[in-house]
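A.B. asks: how would this look folded up:
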Amino acid sequence: MTKVKQIPIICIDMQMRKKKVLRDELQDNKKIEACAERFGTTGDLTRMRICYLLCHHPELTVSEMAEIIGLPISTVSHSLKKLKEIQVVENRRQAKQVLYSLGKNKFASIIKSQLLENNE
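C.D. replies: Residues are numbered from 1 along each chain as shown. This next block holds a predicted model:
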């Protein structure tokens, strides 16, 4: 008889709660909107929401971000492409997944500090 590995329900529940908290924080968040305005074209609202998520989760997939933000994967993917072009985000492949994180340059650091500062 083969043993089936079970994922603890507690872990799944905690992940779902954390996603809900982030989803709630993203809705009507004036601080994120202010940061988006401050950074002009680079900082459209969807892109700032992505950066906000990556401030709180070091690595996320496109589908995870789309689920939390509540937008189609194609929209999030397009925004990630723009952020990657200006090196605000970077990605790495892990098996079949592509994980995105904030870049390690000065501009990405400025955006992160503004989002975290505005989050207080």
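A.B. asks: residue closest to the middle of the protein?
C.D. replies: Taking Cα atoms, centre = their mean, the centroid of the chain lies closest to residue 53, which sits 3.1 Å from it.
A.B. asks: show me the helices in the chain, by range?
C.D. replies: For the chain, the helices defined by DSSP state H occupy 9-26, 30-38, 45-56, 62-69, 73-85, 106-118.
A.B. asks: show me the shaky parts of the chain.
C.D. replies: Residues of the chain meeting the criterion pLDDT under 70: 1-16, 26, 28, 31, 38, 41-43, 118-120.
A.B. asks: and residue 51, how far from residue 34?
C.D. replies: Look at residue 51 and residue 34: by Cβ to Cβ, to the nearest Å, they are 13 Å apart. For every residue, glycine as well, the C-beta is placed using N, CA and C.
A.B. asks: who's more crowded, the two?
C.D. replies: Shown here are residue 51 and residue 34; by other Cβ atoms under 10 Å, residue 51 has more neighbours (26 against 13).
A.B. asks: excluding its backbone neighbours, what's nearest the more buried one?
C.D. replies: Excluding the flanking residues, the one nearest residue 51 by Cβ to Cβ, 6 or more residues apart in numbering is residue 111, at 5.3 Å.
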